[in-house]
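S.K.: Coordinates for the following, if possible.
(4 chains)
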2 protein chains.
Amino acid sequence: MAAALDVFAEHSFEGAATREIAARAGVTQPLLNYHFSSKDELWRAAVGGLFGALNLALTTRESGLRGVDELTTLKLLVREFVHFSARHPQLHRIITSECRADGPRMDWLVDHHTRPLYEATVARYARLVEQGQVRGIAPPHFYYLVTGAGPTMFVLGPECRRLTGLDPTADEVIEAHADAVIAFLFQPSAPNVPAN
Amino acid sequence: MAAALDVFAEHSFEGAATREIAARAGVTQPLLNYHFSSKDELWRAAVGGLFGALNLALTTRESGLRGVDELTTLKLLVREFVHFSARHPQLHRIITSECRADGPRMDWLVDHHTRPLYEATVARYARLVEQGQVRGIAPPHFYYLVTGAGPTMFVLGPECRRLTGLDPTADEVIEAHADAVIAFLFQPSAPNVPAN
DNA sequence: CGGTGGACTGATCGAACGATAAGATAACTT
DNA sequence: AAGTTATCTTATCGTTCGATCAGTCCACCG
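M.R.: Model (predicted):
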């Protein structure tokens, strides 16, 4: 399953060879067609598992923050999202792949996984805007600022390594990027107030 | 050539079929091997042309801003970058594709096109930080905030259409996103100062 | 201990891939 | 007008793809 994620993320769905997935998993290729009826089903199982891990990480983080004010909660959820994106850049690589083809797998992604995440994010942000705690922009633009600024450094990891010399898998780089994203998303309403 | 860009962006390099490129261009497949010796060379020609268009757009925009202060210049260059990314999402789709494989095409991309863009961006940003006109973060993080927050809404265009109902190719949506990116990147040093 | 079913592999299918070879057509040179 | 070159097509090569099938192996049950 982890092998499938890696191969689907490295090459696209079309470019991924089931023989390579099987080889990395240490089994033979027809075994994949035995457990999963087709390449599509294998893809859905792998991607669904990864989205499940994201939802698990976000909900457990949130459940540990009962009683914390909403602004701090959203900041910490964004930080958790950045960390997850750094540790699992395959997720955004796969989403990007499927957005290009714009086919039935895209429909499946949106219906089963992306839309709930979007709705939850927008609802949380809209509540803060109502309370006047953040600068208000239209929720769709906020959502794509987060999903763009957060994971891109890690999705383009090999480029980042070449360009900047930084290792995008190092903990201190991830933390620094999370700091930068949060600082830019949640600007203090007055200058010289340190970002959380 | 435009057909090659579209197909390479829709599928990855591996998934792109030269027969499909030829069909969209209205020619036969062996003709591509005649003009370009291989699929790799065709890819380099197409991607090089697209990067050339980006550099042309940025340099012409910049040359029309002689005498304008550096902060405003950078804001307008970022705005131009967002517009280009919206009109040509293929560029970032292809870069993302090649970052996953991390092969010789990635080396070619960085050496010939990405590094000059990165160096220029970082130099421009570092100058503003020296002058104290922007909140200073490490240049690599700034670079990936721009290349992430700017194009992602358009790279994930089909998802954006489904999730938000917005048309990411509409001029007013592009302009609104550029406003959002610039407002968040270049925060006013005092509150209630309208962003440029 | 004999048998039944799930797990797995080797062999192989038709289709599509990138690349090449050989030939036809158009254009330009002298 | 003859010849040479550049351009483009049809036919086809060897390879690799996802999927299928027949058969092997092992665990479990009565």
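S.K.: Can the lengthiest helix in chain A be said to contact DNA strand C?
M.R.: If you go by DSSP state H, chain A has its longest helix at helix A:39-63. No. Against DNA strand C, helix A:39-63 shows no contacts by C-beta under 7 Å from any atom of the strand, the least distance being 12.1 Å. (Each C-beta comes from the backbone N, C-alpha and C, glycine too.)
S.K.: Briefly note if stretch A:7-24 comes near chain B.
M.R.: Yes. Counting by C-beta under 8 Å from any C-beta of the partner chain, chain B has neighbours in stretch A:7-24: A:9-15.
S.K.: helix or strand for the residue nearest the centre of chain A, which one?
M.R.: A centroid search over chain A (C-alpha atoms, centre = their mean) returns A:S85, at 4.6 Å, as the residue closest to the centre. For A:S85, the element it lies in under DSSP states H and E is helix A:70-87.
S.K.: Go ahead and produce PDB holding the CA coordinates of the helix or strand following that helix.
M.R.: Moving toward the C-terminus from helix A:70-87, the next helix or strand (DSSP H and E) is helix A:90-101. Taking C-alpha atoms only, helix A:90-101 is exported to PDB below (Å, rounded to 0.1, in the frame of the first residue of the first chain):
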ATOM      1  CA  GLN A  90       2.500  12.300  -2.100                       C
ATOM      2  CA  LEU A  91      -1.000  13.600  -1.200                       C
ATOM      3  CA  HIS A  92      -0.700  16.900  -3.000                       C
ATOM      4  CA  ARG A  93       1.300  15.400  -5.800                       C
ATOM      5  CA  ILE A  94      -1.500  13.000  -6.500                       C
ATOM      6  CA  ILE A  95      -4.200  15.700  -6.200                       C
ATOM      7  CA  THR A  96      -2.300  17.800  -8.700                       C
ATOM      8  CA  SER A  97      -1.900  14.800 -11.000                       C
ATOM      9  CA  GLU A  98      -5.700  14.200 -11.000                       C
ATOM     10  CA  CYS A  99      -6.600  17.800 -11.500                       C
ATOM     11  CA  ARG A 100      -4.800  17.800 -14.800                       C
ATOM     12  CA  ALA A 101      -6.700  14.800 -16.200                       C
END
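S.K.: on that earlier part again, return the list of helices and strands in contact with the longest helix of chain A.
M.R.: When contacts are defined as 3 or more C-beta pairs under 8 Å, 6 or more residues apart in numbering or on different chains; DSSP states H and E, helix A:39-63 sits against helix A:2-10, helix A:18-25, helix A:70-87, helix A:90-101, helix A:104-109.
S.K.: Can you give the distance from that helix to the centre of its chain?
M.R.: Mean-position distance between helix A:39-63 and its chain equals 10 Å (C-alpha atoms, centre = their mean, to the nearest Å).
S.K.: Buried ones in it, by neighbour count?
M.R.: Using 16 or more other C-beta atoms under 10 Å in any protein chain shown as the test for burial, helix A:39-63 gives A:39, A:42-44, A:46-47, A:50-51, A:54, A:57-58, A:61-62.
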